[in-house]
Every structure is written in C-alpha cells, then in structure tokens.
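[1] could you look at this predicted model? Sequence included:
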Amino acid sequence: MSKNLIGIEIGSSRMKLAEVRDGKVIHFITYDLPEGTMRGREILAWDALADELKKAVAAGGFTSKKCAIAIPDEETHLRRLSMPPMNDQQLLVNLPYEYHELIADNKDNYIYDYSLINIKRDPENQNNNTNALEIEILGAAVSKELISKYKDLFKRAGLKLVAARPRTLALSSYMKAKIPEFMTKDTAVIDFGYTASQIDIFRNGVYEVTRTIDVGVAAIIKAAAEALNKDPHIAKESLKVNTDDVQMKESVINVYDSVAVEVMRALNYFSFENPENTLETLYYFGGGSWIQPFVIDVVQDLSLKATALSAYDQENKNAVIDGATAIGLCLG
C-alpha cells in the first residue's frame, strides 16, 4: 500500500502494532497490557484499552492515524463454500443465507464478506468467458456490534478504523507477501502465544484449519516461577535472561513437551487425512519464539524444517518475530 497503515493485533496479554509503508515495516511495537484488560482474547475494559492503545502509538512513534484490526478467531465465522456463478453484489446478498446453521442470532446483525478461492469452468467450453460452472469462496461473518465497538475504541485512541480482517486471513496475507512458495505448497504456521499456541494450516495459499493448544508462554512462566520459587513477574524476567538456566529446568521442559505432543498430533492428523500433502516447513512466530529451548523441543521430532517468520523495523534494524499478523493486516 502506498499510504501508511497501522496493523493492530490485540492478544491476551499484549498488543502488536506495525506501521507499514509500501510493503515495508517502518515502526513496530509490542505493548504489554495491564491485568484485567483482557480475558483470553475477549476485551473486558474497552475504555482502559483505548488509553493503553494511545500510549502504545506514542511509544512506538507511529505517524499514521489509519488502522486495521485482526479479528480473533472466536469472533469470526469462516466457512468454505461452493456456490453457483454470481457477481459480487449477488454473492453478498446470498452469503447470509449460507450461515443460517452457524449463526443463531439474526443474520442482519452481521457483516459478511468473502475471498475467491477458485472458479470451476466447463472443460469443453474454455473459449467462452462465461463458462464458469461453480465458484469456491471463503466466506466470513462478524458481528456488527463488535465492529462498532472497535470503531469507538480507535476513535477514543485518536485513530480511524479503515479495515477489519479475520486473524487467519491477515496471517495469510503476510505469508503471501513474504514466502514465495506459500501459494504452491501446503504450509503450517504456529503462533507461540501467551495463553495458547495456535497452528494454522494452509493448502496452496488457502486457509484450511486451525488447531488451538491451550498451553502457552503463561504456563512456561508459571513453571519457571515454581522452579525458582519466585513471583511470576520476576520469573518472567528471569526466563528472558535464563537466570540459573531456568529455561532448562525439568518442570519448564515438561511444559515444552506438552505443547510438542499436541503439535505433533495436529500435524500427524493433517498428514493422515491428506496423504498427498506437500508440507515441508513449520513456520513459527509469537512471544514464545524467543525461548529457543522451547522452539527446539517442539520441532525436534517433526520431519519438517523449522523457520522463524521475521520482518525488520526499518529504522532500528531490529528483527520482528512477533508481528506477522499485525504486519499482514497492512499487506492485503
């Protein structure tokens, strides 16, 4: 995009903000949120979050006022659909009726959108421009009330919401822009988050499935606190600098192992269901990526190459390994 845009992902304990200009990251910040602001990815204190967002924008030196938000999986209804050939207006009229089984609420309370996956054409009539037999799309639905709350949130923080995208599609945009083979191979991406770890699988650039593992950095910090007999806040800092080799304490390794087992199960299941898959690499990012023994433990028994998703802050030349989703919001 030629104009600056700030991509924002609000996690369970931190916000990630990335300002992008012409496809390059010019500012990036991770910002810790006060306790009580979030419950998982659900926002509990909207007014307090607006204040923190304003502080984060100032701390990161951001210049744009326009922003995009990553909508959490819990708030998004994604559905892969096959439909008769339609134009854009017809699709948006018909999409709500495809969600009657998923959405118990009034369909008019939701905003609908889609991305095109494929057009199935008549093989015997290739020269006809109107030979489409069927179109395959990835539909999305999100609550109008939630979008309204996001608009108010950003307005109070001095920003303007111009785009909202499901988390998985923002991540997909990042992968399309940064990983050349993403559109031609199966791809697995893991986000080592604070309260959970999420594995997203894409097939030839198209979102397939997400597996959530309810273990993340918080569990590692808790284990480190018990091993060091310290307050969790102190243990968190000790973990960062590996005080007393805490990253290799038995109780901490046990947490690594619990995530590793679930990652293996998820990938083995995908391979079993798709024996002709082309999965070769596990990409990773997120707050837990800095704990190298954790990453090594998770990937060591997989027959996949492990690669970090990293971009760069153009001003400070610092590696960004926690911002793939926030950056991807600005690249679609």
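    On my side now, so go ahead.
[2] longest helix in the chain, please.
    Assignment by DSSP state H gives helix 250-273 as the longest helix of the chain.
[3] what are the buried residues along it?
    By neighbour count on 16 or more other CB atoms under 10 Å, the buried set for helix 250-273 is V252, I253, V255, Y256, S258, V259, A260, E262, V263, A266, L267, F270. C-beta here means a position set from N, CA and C on the backbone, and glycine is covered the same way.
[4] could you report the pLDDT at the third one?
    With respect to pLDDT, V255 has a value of 98.
[5] pull out the buried residues from stretch 144-158.
    L146, I147, Y150, K151, L153, F154, A157.
[6] average pLDDT across that stretch?
    97.
[7] in the chain, which spans are helices?
    46-60, 88-94, 144-156, 167-178, 217-228, 232-241, 250-273, 292-299, 324-328.
[8] which helices and strands sit right next to the second one?
    By that I understand helix 88-94. strand 110-121 (3 or more CB pairs under 8 Å, 6 or more residues apart in numbering; DSSP states H and E).
[9] can you do 6 Å?
    Helix 88-94 is packed against no helix or strand, with contacts defined by 3 or more CB pairs under 6 Å, 6 or more residues apart in numbering; DSSP states H and E.
[10] just the pLDDT for the closest residue to R211 other than its chain neighbours.
    Counting by CB to CB, 6 or more residues apart in numbering, A266 is the residue found nearest to R211 once chain neighbours are left out, at 4.1 Å. Per-residue pLDDT puts A266 at 96.
[11] likewise Y312?
    Confidence score, pLDDT, at Y312: 51.
[12] wait, which of the helices of the chain is closest to T37?
    helix 46-60 (5.6 Å; CB to CB).
[13] so who does the residue lying closest to D214 once chain neighbours are set aside touch?
    Closest residue to D214 in three dimensions, ignoring its sequence neighbours and counting by CB to CB, 6+ apart: A196, at 5.2 Å. By CB atoms under 6 Å, 6 or more residues apart in numbering, the contact list for A196 reads T212, D214, G216.
[14] what about these, which one has the most neighbours?
    Highest neighbour count within those, by other CB atoms under 10 Å: G216, with 25 neighbours.
[15] so what does that one have for phi and psi?
    phi -150, psi -150 (degrees, to the nearest 10).
[16] next, count neighbours for the closest residue in space to A18 that isn't next to it in sequence.
    In space, and not counting its chain neighbours, A18 is closest to A326: 4.1 Å by CB to CB, 6+ apart. Counted by other CB under 10 Å, the residues lying close to A326 total 33.
[17] and what of T63?
    Residues near T63, counting by other CB under 10 Å: 12.
[18] now it: how far from M86?
    The spacing between T63 and M86, counted by CB to CB, to the nearest Å, is 41 Å.
[19] who touches V215 in this structure?
    S258, V259.
[20] state the distance from I327 to K160.
    I327 sits 19 Å away from K160 when distances are taken as CB to CB.
[21] so which of those two has more stuff around it?
    Shown here are I327 and K160; by other CB under 10 Å, I327 has more neighbours (27 against 13).
[22] can you pull the contacts of that one?
    G7, A18, V25, Y174, A311.
[23] hmm, 7 Å instead?
    G7, A18, V20, V25, Y174, A311 (CB atoms under 7 Å, 6 or more residues apart in numbering).
[24] out of the residues you listed, which is most surrounded?
    Neighbour-wise, the contacts of I327 (other CB under 10 Å) top out at A18, 32 neighbours.
[25] any idea what that residue is bridged to?
    G7, F28 (DSSP bridges).
[26] surely it meets K24?
    No - using CB atoms under 7 Å, A18 is not in contact with K24, being 10.4 Å away.
[27] tell me where the stretch 1-150 of the chain is predicted with low confidence.
    Scanning the stretch 1-150 of the chain with the threshold set as pLDDT under 70 gives 1-2, 124-131.
[28] hmm, 50 instead?
    1-2 (pLDDT under 50).
[29] number of residues surrounding L5?
    20.
[30] and the furthest pair within the buried residues of helix 250-273?
    Most distant of the buried residues of helix 250-273, by CB to CB, are V252 and F270, 28.1 Å apart.
[31] picking that back up, closest to D73 out of the buried residues of helix 250-273?
    Once CB to CB is applied, the member of the buried residues of helix 250-273 that ends up nearest D73 is A266, at 15.1 Å.
[32] and the gap between that closest one and A70?
    Per CB to CB, A266 is found 22 Å from A70.
[33] quick one: pLDDT of the nearest residue to P293 once chain neighbours are set aside?
    Spatial nearest neighbour of P293, excluding adjacent residues (CB to CB, 6+ apart): Q247 at 4.8 Å. Q247 is assigned 96 on the pLDDT scale.
[34] also D322?
    pLDDT recorded at D322 is 83.
[35] wait, isn't it in contact with G286?
    Yes - assessed by CB under 7 Å, D322 is found in contact with G286 at 5.9 Å.
[36] got any ranges where the stretch 201-332 of the chain has weak pLDDT?
    If you take pLDDT under 50 as the line, the stretch 201-332 of the chain has these spans: 313-317.
[37] go again using 90 as the cut-off
    240, 287, 290, 301, 309-323, 332 (pLDDT under 90).
[38] for the residue lying closest to M83 once chain neighbours are set aside, give me its contacts.
    Computed as CB to CB, 6+ apart, the closest residue to M83 that is not its neighbour in sequence is I135, at 5.7 Å. Contacts for I135 (CB under 7 Å, 6+ apart) come out as M83, P85, L116, I119.
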